[in-house]
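Novice: I would like to see how this sequence folds:
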Amino acid sequence: MPPVIIDVPADPRREVRDSCPAARRLAASVAVIFDGVPPLRSSDGTWSLPTKPAPVSPPERFSEQREVVRAFTGVLVGPDVLLTTRHRVNVRNPQGLFAAFGFAIGADGIPKTRFASDEVFRVCEVLGEGRYLANPEDDWLLLRLDAKPARPALELDTRPLTSGTRLWMIGHPEGLPMKFVDGAHVIDTSERSVLTDLVASRGNSGSPVFREGSAAVLGILRTASLSLARAGAKVTWQRGKPGAPRIARVTRSQAFAARLQEVFAAAPAADVDAVAVAGLGDGAPMRGQLAWTAAAASRPAVQATPPPA
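Specialist: Numbers count the residues shown, from 1 in each chain. Prediction:
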């Protein structure tokens, strides 16, 4: 069957606060990941993230916001396991990575700038990675955080996909406060990859993608459909030719589901609370993933020291 090309002329990106309740619940498990500059701790014990002005010029969308420096996106898929893309990470130095949950525009229209100690984490090790250098479709990375966030770990969805399936995505384009995207569709699929018309840019790498209305991660964004265009001092969102479909590629959960199950199988029994990995293998729900437990939430504070060179 030939791929179905579906063009969405409007930019559907919007603040998570303006999305539906189901999407806002999913957003609690999405993190902005960054390296290069560590978070700063204030005297009151809160943390601030390294930010700079948005990369686009007024009156472009989101030009008034600030972006986290050298940022991309990840999603919690285990008690202390963060899923993202391999291509954005120096796997030889994962300890140089930080993750913060809740970087978004609040109900009052003001972006969150202060974070509690249980919202900011440091990456401590790589648990698994795709063969990205040999196969760009195998672009995924599982990272262990230095503690277990008090947030839900999302399930994986490995059920079959068909062209035209409607999609959601949540992430941090250009490192901006979290955005929700809907109105997108599957264009075509392969064993480990999905071709979509999602509106995504740099920083959306690692953003979880869902079937519309689903709470299970069917994959993570690996290539963007938008870029930045410069004309002198002016920077705009570059959307490609009018009427042409935006093409964004997603690494399917099939690529990393087996490795995630191995991680869970090796975890201490005290941390295990079964939740579903939807459709692993033959499309039937499979038990055995982990859920966060409150007893495992304690941890030492993040150390605000520069990452190794």
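Novice: state the pLDDT value of the nearest residue to residue 46 once chain neighbours are set aside.
Specialist: Computed as CB to CB, 6 or more residues apart in numbering, the closest residue to residue 46 that is not its neighbour in sequence is residue 114, at 4.3 Å. Glycine gets a C-beta too; all of them are placed from N, C-alpha and C. pLDDT recorded at residue 114 is 96.
Novice: for residue 114, grab the count of nearby residues.
Specialist: The tally of other residues near residue 114 (other CB atoms under 10 Å) stands at 12.
Novice: from residue 203, how far out is it?
Specialist: Per CB to CB, to the nearest Å, residue 114 is found 21 Å from residue 203.
Novice: with residue 82 instead?
Specialist: The value you get for residue 82 to residue 203, if CB to CB is used, is 16 Å.
Novice: surely residue 157 and residue 213 touch.
Specialist: No - at 11.7 Å, residue 157 does not count as touching residue 213 under the criterion of CB atoms under 8 Å.
Novice: from the centre of the chain, give me the residue that's furthest out.
Specialist: For the chain, the residue at maximal distance from the C-alpha centroid (CA atoms, centre = their mean) is residue 232, at 32.0 Å.
Novice: how about the nearest residue to residue 69 once chain neighbours are set aside, what does it touch?
Specialist: Nearest-residue entry for residue 69: residue 50, 4.6 Å, with adjacent residues in sequence omitted and distances by CB to CB, 6+ apart. Contacts of residue 50 were listed using CB atoms under 8 Å, 6 or more residues apart in numbering, and they are 34, 36, 37, 38, 39, 40, 68, 69.
Novice: distance of residue 50 from residue 65?
Specialist: Distance from residue 50 to residue 65, by CB to CB: 15 Å.
Novice: and the gap between residue 143 and residue 194?
Specialist: In terms of CB to CB, residue 143 sits 22 Å off from residue 194.
Novice: again with residue 96
Specialist: Taking CB to CB, one finds residue 96 at 30 Å from residue 194.
Novice: same thing with residue 119?
Specialist: Counting by CB to CB, the separation of residue 119 from residue 194 is 30 Å.
Novice: ok, now residue 81?
Specialist: According to CB to CB, residue 81 and residue 194 sit 22 Å apart.
Novice: so for these two, which sits in the more crowded spot?
Specialist: Set residue 81 next to residue 194 and count neighbours by other CB under 10 Å: residue 194 wins out with 26 against 23.
Novice: tell me the phi and psi of the closest residue to residue 27 other than its chain neighbours?
Specialist: Nearest residue to residue 27 in three dimensions, chain neighbours excluded: residue 16, at 4.6 Å (CB to CB, 6+ apart). Dihedral angles of residue 16 (phi, psi; degrees, to the nearest 10) stand at phi -60, psi -30.
Novice: how about the one 5 residues further on?
Specialist: Backbone torsions of residue 21, given as degrees, to the nearest 10, read phi -60, psi -40.
Novice: quick one: the most centrally placed residue in the chain from residue 57, how far?
Specialist: Residue closest to the mean C-alpha point of the chain, counted by CA atoms, centre = their mean, is residue 207 at 2.8 Å. Using CB to CB, one obtains 24 Å as the distance from residue 207 to residue 57.
Novice: can you check residue 20 too?
Specialist: Taking CB to CB as the measure, residue 20 and residue 57 are separated by 31 Å.
Novice: the helices in the stretch 151-300 of the chain, which residues?
Specialist: Taking DSSP state H, counting those that start in this stretch as the criterion, the stretch 151-300 of the chain contains helices spanning 257-265.
Novice: could you pull out the strands for it?
Specialist: 155-156, 166-171, 179-189, 193-196, 208-211, 216-223, 227-231, 234-238, 248-252, 275-277, 286-289 (DSSP state E, counting those that start in this stretch).
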